[in-house]
Structures are given as structure tokens and as C-alpha cells.
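# Next input, structure requested:
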Amino acid sequence: MTDEADMKLRTARTIKWNVIDRVSSQLLYAVSGIVLARLLSPNDFGLVGAVAIFQAFASLMVDSGFSYALLQRKTPSHLDYSTVLWFNIAMATIIYLSLWFAAPLIADCFQDDSRLIALSRVMFLSFIINAASIVQINRLMKQMNVRMVAVSNIVALALSAIVGIVLAINGFGAWAIVWQTLTQSTVKTLILWLTSHWLPLWAFSWQSLREIFKVGSAMMTSSFISTLVQNINAFFIGNRVNLVSLGYYSQADKWSKMGVASISQVLTSSFLPVLSQFQDDKERFARATKKMNKFTSYLLFPIMGFLGVMAEPIFHVLFGVKWDASIALFQLLLLRGVFVVLTSLYNNYIIALGRAKIILWTVILRDGAIFLALLVTLPMLAWTRPDDITYGVKLMLIGQVVASLLAFVVMLKITSRLTWRTAWSYVQDSLPYLVETLLIMIPMMWINTLALNAWVTLALQGAIGLGLYLIVNWLLKSKMQQEALNYITGRLRRK
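Sure thing, here's the model as predicted:
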């Protein structure tokens with residue numbers, strides 16, 4: 001087998017296990033989320049959503065962007081991995097102690113709700129536990145051997161879902177989600193350590209840390225900016241409006257991220273290790289980006305477009321009418337998510353080339369545009385209508401969709417120049433799948449006008465969307481679809 005054929009097969013296996021991981025995890029996450037959404041109130045989700053804002057930043061500071069740096073590095077050493085592990089654990093401990101004392105100030109940010117003090121102090125334990133698993137996950141991703149990552153995620157989600165649901169049934173309220181989160185982190189970390197057969201050195205190298213920091217610091221800064229923008233919406237909604245509106249937004253954000261974050265995670269863990277091997281070969285790198293663009297577009301547009309059309313029946317089937325105020329927010333977040341995934345894909349190309357400092361500027365461009373849109377719409381954030389409690393939040397998200405589109409156009413130009421391709425060639429990679437999706441969405445939207453039962457509407461839309469998409473790509477002889485089906489029906493059975 002040639003090196004290129006071997007790399008292709010390893011990439012396919014990595015994608016397979018990443019997809020198994022994300023699909024299984026999201027199914028389990030969805031089941032527990034549906035049950036908890038029926039048992040808990042918007043106020044309960046608002047409380048957890050407020051704590052999650054600060055947890056996101058704490059988790060980011062723990063890793064400091066070193067995961068990306070290790071993935072970009074061609075051959076990380078045992079000492080490199082050990083150094084990053086000890087650094088992560090030390091940072092986690094320091095940050096947790098700082099946030100423990102800061103808990104009353106966190107409560108002050110959200111109408112001085114004292115319930116947040118105890119909730120945050122317990123919830124923040126999860127990122128200390130997660131700090132111990134980062135290097136284990138990174139090693140497996142670098143080796144393109146992500147099976148145990150998938151297994152650890154699936155088992156942890158299953159057990160934590162049981163814990164969360166049992167506690168919610170017994171009236172624990174927001175605490176059900178807190179203990180669910182801690183259970184998930186603990187089980188996942190234990191499985192990875194017990195099965196990895198890797199132990200760190202009792203050593204720490206400042207030289208290794210400095211070398212990794214060259215890439216990691218830029219990635220941490222860009223990730224910090226992204227995390228700030230991703231969570232600043234929730235902060236202002238909770239701070240300026242109320243925790244009930246934050247609960248509606250948190251639900252929309254959580255369910256939209258099941259698509260956005262899952263696709264981004266699969267692309268990063270599957271493509272970045274491959275691209276890093278081609279960073280010195282312009283021709284192979286360009287060919288790889290072309291195939292990755294097409295594969296991403298083949299999945300991204302139908303997933304996000306079809307979910308947007310099916311949003312109302314999905315929410316009604318899962319939750320009844322309890323969370324109707326979240327539906328439009330969910331649709332807008334999906335639309336914004338299309339640009340998030342594409343820019344994340346392009347960021348992977350630049351990271352693989354070792355141009356992390358450029359990533360920082362592209363992130364500033366993208367997230368700066370979103371932040372500017374937030375500032376423009378901030379005076380409208382608390383606006384409501386008699387029949388629409390989240391009217392102001394919708395206006396804010398519309399502004400961010402427009403800003404994301406404009407930033408994507410600039411990002412496209414930058415990426416095409418760095419990867420030895422034209423911007424139009426990138427558009428050509430994606431355009432067929434975008435057009436197919438938009439056309440298929442028309443009959444799906446027509447189903448919504450028939451006023452059918454939510455279950456019937458959902459089934460019809462799903463069958464029409466998936467069926468037509470597969471048929472159209474079969475008629476057009478889509479190589480992406482052919483390769484995916486050939487792998488599933490052929491090689492997958494023999495491996």
C-alpha cells in the first residue's frame with residue numbers, strides 16, 4: 001500500500017470513529033437533554049447557563065491552546081506530552097481556587113442570585129478533572145486512533161445521563177445538571193487513563209513548554225476571543241434581561257451546537273493531523289484542502305439547512321410547546337453556525353501550515369465583527385413583544401449572522417492566498433451542495449404549511465430531505481457520496 005493510500009485509509013478510519021463518537025454522543029446527549037428539558041424550568045437552565053459562561057473561560061485557560069500546538073507538531077515527544085499534562089493540572093488547580101473565592105462576584109453579575117455561589121463552586125470542579133484527560137485525548141488524535149476517545153465519551157454520557165435524570169425526577173433542579181456534568185468528566189477521564197497504557201514522565205521541561213507555547217499562545221489568544229464572543233451573548237442576556245430569557249437562549253444554543261460543534265470537532269480531529277503531514281508539499285496540501293472542502297460541504301449544508309426547516313416540529317415533538325420561544329433563536333444560531341464551521345475549517349488549514357499568528361488576526365476579524373454587531377444591537381436586547389419574550393435577542397442574532405457572513409468573505413480571501421488556491425476554487429468546492437440543499441428545502445418548507453401533526457410533519461420532512469439529497473447526488477455522480485458509501489459498504493465490513 002502506498003503512503004498516500006495508507007493515509008487515506010487512516011483518515012477514513014479516523015472520520016468513521018469520530019462520526020460514531022459524535023452521533024452516539026449526540027443521541028445520548030439529546031435523550032438526556034429532552035428529559036431534563038421536560039423536567040426542569042427555563043430558570044433552572046438559566047442558572048446553569050450563567051455558570052457555564054465562566055466555566056468556558058476557565059477550561060480554555062487550563063489548556064492554553066497547547067492541544068492545537070501538539071497536533072500541529074509533527075512528532076511530539078514523551079517529554080512534550082508530560083510537560084503539557086503537568087502544566088494543565090497546575091493551571092486547573094490555580095484557576096479553580098481563584099473562581100472558588102470569586103463565586104459571590106459571579107452571583108452579583110446575575111441579579112445577585114445567591115444560588116449561583118454553591119452551584120459554581122461545585123460545577124467548576126469538572127474542568128480540573130477534564131484537565132487530566134486533555135493529553136490522553138490529544139495523543140490518540142495525533143496517532144489517528146480515536147476509538148477509545150469515542151468509547152469514553154459514549155460511556156460517560158450514558159452514565160451521566162442516568163445520574164442527571166434520576167436527580168431531576170427527585171427534585172434537584174439545576175443541581176441535576178451540575179452532577180451530570182461532574183459524572184461525565186470523571187467517567188471519561190478514568191476510562192482514558194485506564195485504557196491508554198501511557199504514563200507521564202515525572203519531569204517538566206521549560207524548553208519544551210516554550211517551543212509549544214510559540215504556537216499554543218497564539219491559539220489560546222484566538223480561542224479566548226472566540227470563547228468570549230460565544231459566551232458574551234449569554235452574559236448580557238442574563239445580566240440585562242433575566243434568567244428566564246437566558247434559559248430560552250441556552251436551550252437554543254445547546255441544541256444548535258449539537259450540529260455546529262459536532263461537525264467542527266470531527267473536522268479538526270480528522271483533518272488537522274493529516275494536513276500537518278502535508279505542510280511542506282504544496283501540491284498535496286492543495287489537493288487535500290479541495291477534498292476536505294467538498295466533504296465538509298456535503299455534510300454541512302444539508303444538516304444545517306434541513307434542521308432549520310424542521311426546527312418547529314422537532315421542538316414540538318421533543319418538548320411540546322414549552323420551549324417555543326427558543327425555536328427562532330435555534331434557527332438563527334444554525335445559520336450563523338454555517339459560517340462558524342467553514343471558518344473553523346479554514347483555520348485548520350492555516351494551523352497545519354504553522355501560521356498560528358495569522359489565525360489570531362483572522363479570529364479577531366471574525367469575532368470582532370460579531371462583537372460589533374452585538375454592540376450595535378445591545379440597546380434592543382431587552383425589547384419584548386406581548387407574544388415574543390425573546391424579540392430583542394432575535395435582533396441581536398440577526399446582526400451577528402450578517403457580521404459572520406461578511407467576516408467569512410474576508411476569511412475566504414486570506415485562506416485561499418495561504419493555501420495556493422483561488423477563492424473561486426473554494427466556492428466551486430461548496431457551491432453544488434449549497435444549491436442542492438436550498439432547492440430541496442423548498443418542498444420541505446411546503447410541508448410546514450399543511451398544518452399536520454408534528455410527528456407526521458417531521459417524518460415527511462426528514463424522508464423528503466434525506467431521500468432527495470441522496471438521489472440528487474447519485475444522479476450527479478457525486479464523488480464524495482460515492483466514496484462515503486463505498487467505504488461504509490465495503491472496507492468498513494472488512495475492518
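# low pLDDT regions in the stretch 51-200 of the chain?
For the stretch 51-200 of the chain, applying pLDDT under 70 flags the ranges 57-74, 144-145.
# can you give me the helices for it?
For the stretch 51-200 of the chain, helices defined by DSSP state H, counting those that start in this stretch occupy the ranges 66-72, 78-109, 115-123, 125-131, 134-142, 147-169, 174-196.
# mind giving me a markdown table with these and columns for distance to residue 444 and mean neighbour count?
Where C-beta positions appear, they are placed from N, C-alpha and C, glycine not excepted. Formatted as a markdown table, the helices of the stretch 51-200 of the chain follow (distance: least, Cβ to Cβ, whole Å; neighbours: other Cβ atoms under 10 Å):
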| stretch | distance to residue 444 | mean neighbour count |
| --- | --- | --- |
| helix 66-72 | 37 | 25 |
| helix 78-109 | 41 | 17 |
| helix 115-123 | 39 | 19 |
| helix 125-131 | 39 | 21 |
| helix 134-142 | 36 | 22 |
| helix 147-169 | 30 | 19 |
| helix 174-196 | 33 | 20 |
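# With residue 309 as the reference, name the closest of those.
helix 147-169 (27.6 Å; Cβ to Cβ).
# And the contacts of that closest one?
17-18, 20-21, 24-25, 28-29, 31-32, 35-36, 39-40, 137, 140-141, 175-177, 179-181, 183-188, 191-192, 195-196 (Cβ atoms under 8 Å, 6 or more residues apart in numbering).
# Check stretch 395-403 too.
233, 329, 332-333, 335-336, 339, 369-370, 372-374, 376-378, 380-381, 383.
# still on that earlier bit, could you export the helices of the stretch 51-200 of the chain as JSON lines, including distance to residue 482?
Output for the helices of the stretch 51-200 of the chain, formatted as JSON lines (distance: least, Cβ to Cβ, whole Å):
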{"stretch": "helix 66-72", "distance to residue 482": "29"}
{"stretch": "helix 78-109", "distance to residue 482": "39"}
{"stretch": "helix 115-123", "distance to residue 482": "46"}
{"stretch": "helix 125-131", "distance to residue 482": "39"}
{"stretch": "helix 134-142", "distance to residue 482": "27"}
{"stretch": "helix 147-169", "distance to residue 482": "25"}
{"stretch": "helix 174-196", "distance to residue 482": "35"}
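# And the ones you listed: which comes nearest residue 422?
helix 66-72 (25.1 Å).
# OK, contacts around residue 132?
By Cβ under 8 Å, 6+ apart, the residues touching residue 132 are 85, 88-89, 189, 193.
# Let's have those residues in JSON lines, adding distance to residue 99.
Shown next, in JSON lines, are those (distance: Cβ to Cβ, whole Å):
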{"residue": "85", "distance to residue 99": "21"}
{"residue": "88", "distance to residue 99": "16"}
{"residue": "89", "distance to residue 99": "16"}
{"residue": "189", "distance to residue 99": "20"}
{"residue": "193", "distance to residue 99": "25"}
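# ok, those residues vs residue 416, which is closest?
residue 88 (35.2 Å).
# From residue 156, how far out is the closest one?
19 Å (Cβ to Cβ, to the nearest Å).
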